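Visitor: Turn this into a model:
(3 chains)
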Amino acid sequence: MVLPLPPASNTRGEHVSDAVSAQVVAEVQQFYARHMHLLDEGDAEGWARTFTEDGVFAPPSLPEPVRGREALAAGVRKSAAGLAESGEVHRHVLSMVHVDPLDDDALAVRSYAQIFATPRGGEPRLHLLCVCEDVLVRENGRLLVRERRVTRDDRP
Amino acid sequence: MVLPLPPASNTRGEHVSDAVSAQVVAEVQQFYARHMHLLDEGDAEGWARTFTEDGVFAPPSLPEPVRGREALAAGVRKSAAGLAESGEVHRHVLSMVHVDPLDDDALAVRSYAQIFATPRGGEPRLHLLCVCEDVLVRENGRLLVRERRVTRDDRP
Amino acid sequence: MVLPLPPASNTRGEHVSDAVSAQVVAEVQQFYARHMHLLDEGDAEGWARTFTEDGVFAPPSLPEPVRGREALAAGVRKSAAGLAESGEVHRHVLSMVHVDPLDDDALAVRSYAQIFATPRGGEPRLHLLCVCEDVLVRENGRLLVRERRVTRDDRP
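Guide: Residues are numbered from 1 along each chain as shown, chains lettered A, B, ... in the order given. This next block holds a predicted model:
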């Protein structure tokens, strides 16, 4: 719980400031909103295309990271099928999103992820609280996830 | 749950991008923050004035959309009276807000709405998870809701 | 619940608008994200340094406001020790953040605070819903909290 979070330096030990440009912050917010809408609607291919071609996602539930758009899309198809069968809707909400510019135009982004679940005809519940650490890069002007590492608060 | 969400085009089939201006994204965020503060404090007239004069709100709980500021304000007065009687506070939180510019300066905004409820002296709870689809327009320089459609995750 | 929220004026009665600059909104968002990451990781000194030297925090749980960085840090150390002992992780999420510029470069910021708690190996829960009213000031170019007043929705 009391992790060694470097408050004023990025992962390379450089000093960072909160003064990243508003345009970059807004782009990151727009990016994540669409990214999560795609995920929660079960658009597996659309969501996978918000990663780089060789994008890596290290979720807490798997022993090995998922690599590449094909594998990423397959994971969403499987999850969406499970949710359809159980009659649940999941919503992924990122909050307290902090953007740290790295060199070469990449961005280190740390956020909290709340996952809400609602069964058909039932009460919504808070399913999971996670911390999400992304490296975003720009390709042809658009942001993409190159690396994602997610940790669950119930498994510290 | 697996809805046909067009990931790269708006409702008129035009290609959209995440590169809406930071100024517009910030204005939308400021707009919604004030809009929800007014709603949750029960300021019925103040909230209704954040819609256009003939603004339409299609909530999931009513068979017909609510039309116009007078009817919108009446709905809030009724809700606020019910909450006062039950001793509950509701908070409306929008998240994963995505802004798509339409033509003629209007904005299509899609977001998740979490409604939290806290009884006096009791534990807070997650009351509802919804998807909120707005069309915002600008009048005299200020953003206003022209149309709102809300769907509940428990009634897919 | 139905508080006299002045929708179109700040605490000094001046007319306010939603048109604060995108750069200021983005800075406030970056500031709060880092501020809450520091708090939730238990970095007491790092968090205290996001207040002014004589910063004041009036939480709902204490009869008197906490004043100054030393006392602020001591409060976090105590909370972090309690959480470590109980094996819980807390996450502080601010939402519906509204920024009102005051004169002399200060900012009045009103937001909702959701506090989520996750026990080790257990289910996450919504712990508290609060309203957070801050005055932020700029020192050497960086935003800092000069005053914070928090009210709990369960104690109206």
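Visitor: Confirm for me that A:Pro59 is in contact with A:Arg152.
Guide: No: A:Pro59 is not in contact with A:Arg152 according to C-beta atoms under 8 Å; the separation is 9.1 Å. No exception for glycine: its C-beta is placed from N, CA and C like everyone else's.
Visitor: Can you tell me the closest non-neighbouring residue to A:Val28?
Guide: A:Val99 (5.3 Å; C-beta to C-beta, 6 or more residues apart in numbering or on different chains).
Visitor: Is that neighbour inside a helix or a strand, and which specific one?
Guide: Assigned by DSSP states H and E, A:Val99 belongs to strand A:88-101.
Visitor: Whatever helix or strand comes next after that strand pairs with which strands, and in what direction?
Guide: Proceeding N to C from strand A:88-101, the next assigned helix or strand is strand A:107-119, under DSSP H and E. When sheet partners are counted by DSSP bridges, strand A:107-119 sits next to strand A:88-101 (antiparallel), strand A:125-139 (antiparallel).
Visitor: The residue nearest to the spatial centre of chain A: what's it in contact with?
Guide: The centre of chain A sits closest to A:Cys132, judged by C-alpha atoms, centre = their mean, with a distance of 5.7 Å. Taking C-beta atoms under 8 Å, 6 or more residues apart in numbering or on different chains as the contact definition, A:Cys132 lies against A:94, A:109-113, A:148-150.
Visitor: Report pLDDT for it.
Guide: On the pLDDT scale, A:Cys132 is placed at 98.
Visitor: ditto for A:Ala8
Guide: A:Ala8 carries a pLDDT score of 43 in this model.
Visitor: Helix, strand, or coil at the residue lying farthest from the centre of chain A?
Guide: Using C-alpha atoms, centre = their mean, the residue of chain A lying farthest from its centre is A:Gly121. It sits 28.3 Å away. With DSSP: H, G, I helix; E, B strand; the rest coil as the basis, A:Gly121 sits in coil.
Visitor: how far away is it from chain C?
Guide: 21 Å (C-beta to the nearest C-beta, to the nearest Å).
Visitor: measure that residue to A:Ile115 for me?
Guide: In this structure, A:Gly121 and A:Ile115 are 20 Å apart, going by C-beta to C-beta, to the nearest Å.
Visitor: Make a markdown table out of the contacts of A:Cys132 and add pLDDT and neighbour count.
Guide: Shown next, in a markdown table, are the contacts of A:Cys132 (pLDDT from 0 to 100; neighbours: other C-beta atoms under 10 Å in any protein chain shown):
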| residue | pLDDT | neighbour count |
| --- | --- | --- |
| A:Leu94 | 98 | 21 |
| A:Val109 | 98 | 22 |
| A:Arg110 | 98 | 18 |
| A:Ser111 | 98 | 21 |
| A:Tyr112 | 98 | 23 |
| A:Ala113 | 98 | 20 |
| A:Arg148 | 98 | 20 |
| A:Arg149 | 97 | 16 |
| A:Val150 | 97 | 16 |
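Visitor: quick check, nearest of those to chain B?
Guide: Nearest to chain B among the contacts of A:Cys132, counting by C-beta to the nearest C-beta, is A:Leu94 at 7.1 Å.
Visitor: which non-adjacent residue is nearest the closest one?
Guide: Nearest non-adjacent residue to A:Leu94, counting by C-beta to C-beta, 6+ apart: A:Ser111, 4.4 Å away.
Visitor: And the one you found, how close does it get to B:Pro119?
Guide: Distance of A:Ser111 to B:Pro119, given as C-beta to C-beta: 30 Å.
Visitor: Please apply the same query to A:Thr52.
Guide: 47 Å.
Visitor: Neighbour count for the two, which is higher?
Guide: Counted by other C-beta atoms under 10 Å in any protein chain shown, A:Thr52 and B:Pro119 do not tie: A:Thr52 has more neighbours, with 17 against 14.
Visitor: so which strand or helix has A:Leu143?
Guide: For A:Leu143, the element it lies in under DSSP H and E is strand A:142-152.
Visitor: Who does that strand pair with, and is each partner parallel or antiparallel?
Guide: Strand pairing for strand A:142-152, determined by DSSP bridges: strand A:51-58 (parallel), strand A:125-139 (antiparallel).
Visitor: Send over that strand as PDB, restricted to the C-alpha atoms.
Guide: The C-alpha coordinates for strand A:142-152 follow below in PDB (Å, rounded to 0.1, in the frame of the first residue of the first chain):
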ATOM      1  CA  ARG A 142      -3.100   9.100 -33.100                       C
ATOM      2  CA  LEU A 143      -2.500   7.900 -29.600                       C
ATOM      3  CA  LEU A 144      -2.100   4.100 -29.000                       C
ATOM      4  CA  VAL A 145      -1.300   2.000 -26.000                       C
ATOM      5  CA  ARG A 146       2.200   0.400 -26.400                       C
ATOM      6  CA  GLU A 147       2.300  -1.100 -22.900                       C
ATOM      7  CA  ARG A 148      -0.300  -1.600 -20.100                       C
ATOM      8  CA  ARG A 149       0.300  -2.900 -16.600                       C
ATOM      9  CA  VAL A 150      -2.800  -3.300 -14.300                       C
ATOM     10  CA  THR A 151      -2.700  -4.200 -10.600                       C
ATOM     11  CA  ARG A 152      -5.700  -5.000  -8.500                       C
END
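Visitor: Tell me who's in contact with the closest residue in space to A:Asp154 that isn't next to it in sequence.
Guide: Once flanking residues are discounted, A:Asp154 sits nearest to C:Thr118: 5.1 Å by C-beta to C-beta, 6+ apart. If you count contacts by C-beta under 8 Å, 6+ apart, C:Thr118 has them with A:129, A:153-154, C:88-89, C:91, C:124-125.
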